[in-house]
Structures are given as C-alpha cells and as structure tokens.
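**Student:** coordinates only, sequence not included:
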C-alpha cells in the first residue's frame, strides 16, 4: 500500500493572517462608526448651556428675587402661537393684572429659542392690539421644539419672565 502526500493547501483553512485580517477589519469598522457618531454629536450640539457658569451663578440670587417679585404681582399672562403658513405666524400674548384688568404701558419682548441650533433663534417684537392683548409677527419658524422666552417690562424694569416649551408641527 502506498501513501500519497499532497503539498496543496486547504483553501478553507484558517491561518494567523486570516484571523488578523478579520480582527483588524472588525475593529476598523467599529472605530470608523464611532468616529462618525462623535463628529455628528459634536457638530450638532456643543453642550454649552451658558458661556460663563460663574457669572450665571452670581446672577442666581437676583433671579430668585425677581421671581419672588413676579409671584407677588399675580399677573395673568397667556400666550398663543397661531401659524399662518409653513414658517410664519403670529404670537398673541394677553396680559392682565391680579384683578383681571388689562395691562397697559408695558413693553413685551419675546424670543423663540431653538434648543439645538444657536443661530436659529427668532426675535419677536410686539404691538398693542387693545385690551391687554399684544401681537407679534413670527417669521422663519421651522418645525420642532422651541423655547418661548417672554419678558414684560414696565418703566424700564423687568416685571415678568416666563420660559415655556412649545412644539411646532409641520
């Protein structure tokens, strides 16, 4: 009986080079995916809420005092966003004092702040419509989440501030 030896290699044999190639390929895909996710995360939201946390902390006691004075006034302020078209509309604010009488002689300022994109904020200027009702035109308001920051001043002094989250549908 004779034995036949073959010098041919098995094409399906797993060698050290094959294992190394698969390991490098696997981790290369993982690192590439992580790099893409990190790039997109840092590009979409920088994570900065306030520029200087020290200065925000210093103003904290003043904010508490202003909130107490605002609560003592017991003003009744409501707002409504009425959309006309795809990205424009009116912001209607009704302001009354503690007895329900309309507020006159006050200055309203509002900003619709996008919580994700810094440059997308929309400033709203108001005009009095009578009876404590103030109307402001809103332009370039994209669909999504917004924070409505409403300030009411009287005689140059801030009397009222509110921040409310609103959602604009397409």
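**Tutor:** Structure received. Small disclaimer: the values here were computed from a predicted structure and weren't measured.

**Student:** what segments of this structure are helices?
**Tutor:** Secondary structure of the chain, counting by DSSP state H: helices at 16-44, 53-58, 60-73.

**Student:** what's the mean pLDDT across the longest one?
**Tutor:** Looking back up the chat, that one is helix 16-44. Averaged over helix 16-44, pLDDT sits at 93.

**Student:** how far away is residue 82 from residue 145?
**Tutor:** In this view, residue 82 and residue 145 are 18 Å apart by C-beta to C-beta, to the nearest Å. For every residue, glycine as well, the C-beta is placed using N, CA and C.

**Student:** on that earlier part again, of the helices of the chain, which is nearest residue 169?
**Tutor:** Residue 169 sits nearest to helix 16-44 of all those, at 21.6 Å, using C-beta to C-beta.

**Student:** surely residue 165 touches residue 144?
**Tutor:** No. Using C-beta atoms under 8 Å, residue 165 makes no contact with residue 144, being 11.1 Å away.

**Student:** which helix or strand in this protein has the lowest average pLDDT?
**Tutor:** None of the helices or strands of the chain scores lower by mean pLDDT, DSSP states H and E than helix 53-58, at a mean of 86.

**Student:** tell me how many other residues surround residue 25.
**Tutor:** The tally of other residues near residue 25 (other C-beta atoms under 10 Å) stands at 10.

**Student:** OK, contacts around the spatially most central residue of the chain?
**Tutor:** Centroid-nearest residue in the chain, with C-alpha atoms, centre = their mean: residue 115, separated by 0.9 Å. By C-beta atoms under 8 Å, 6 or more residues apart in numbering, the residues touching residue 115 are 145, 146, 147.

**Student:** count of residues packed around the second one?
**Tutor:** Neighbours of residue 146 under the rule other C-beta under 10 Å: 22.

**Student:** now do the contacts for it.
**Tutor:** 112, 113, 114, 115, 165, 166, 167, 168.

**Student:** and those residues, which are buried?
**Tutor:** For the contacts of residue 146, a neighbour count by 16 or more other C-beta atoms under 10 Å gives the buried set as 112, 113, 114, 168.

**Student:** most widely separated two among the residues you listed?
**Tutor:** 113 and 168 (12.7 Å).

**Student:** thanks again, I'm all set now.
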